[in-house]
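Peer 1: predicted model and sequence below, questions to follow.
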Amino acid sequence: MDIQEGKQKFIESWGKMASDWGINRTMAQVHALLLLAHEPLTADEVMEGLSISRGNTNMNLRALIDWGLVHKQLKSGERKEYFYAEKDMWTVVRQIIIHRKKKELEPMLKVLDDVAGVEAKCPESESFCNVVKDLRMLSQKANQTLDTLIRADSTWFSNIFFRMVR
């Protein structure tokens, strides 16, 4: 397999994996292309590399910048913007955790906090309250664990992970 075939296979797989997790496939492919790029790329180079439209390219580059996974670079004497991916994998994982936590877990915690005010006055409401209590406790523990991961450095995480798999 040559380098181009390897890159293509990686980009396709990265996009598929991300879509399995509920992340936009094209956004993940843009990220993969920039992750593999030796030098920062222009939006035109991203468009050409993935055969996607200018609008799709710009929308996904902005989303990746918002996630903290891609950064913009200006080169003196040039009007074009260049984009490069964060290559520190621990930072990439941390940024994804931060974004997904903010978008998915925190809104659910708010809903669970709101509905925790239901009074257990009958068998139906008791059952409801028990489910909410259990989900709330689990969600709060997940939130605390993710906060710990976000604050941790890569060495700490690696040591914990490898102890768990032994």
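Peer 2: Looks like it arrived, so ask away.
Peer 1: and Gln140, what helix or strand is that in?
Peer 2: Assigned by DSSP states H and E, Gln140 falls within helix 123-151.
Peer 1: list the buried residues in stretch 115-131.
Peer 2: Buried residues in stretch 115-131, defined by neighbour count with 16 or more other C-beta atoms under 10 Å: Cys129. Every residue, glycine included, has its C-beta placed from N, CA and C.
Peer 1: so for that stretch, what's the average pLDDT?
Peer 2: For stretch 115-131, mean pLDDT rounds to 90.
Peer 1: tell me how far it lies from the chain's centre.
Peer 2: 35 Å (C-alpha atoms, centre = their mean, to the nearest Å).
Peer 1: gap between the two ends of that stretch?
Peer 2: 11 Å (C-alpha to C-alpha, to the nearest Å).
Peer 1: other residues contacting that stretch?
Peer 2: Outside stretch 115-131, the residues that touch it by C-beta atoms under 8 Å, 6 or more residues apart in numbering are 132-133, 136.
Peer 1: can we see that at 7 Å?
Peer 2: Residues outside stretch 115-131 that contact it (C-beta atoms under 7 Å, 6 or more residues apart in numbering): 132, 136.
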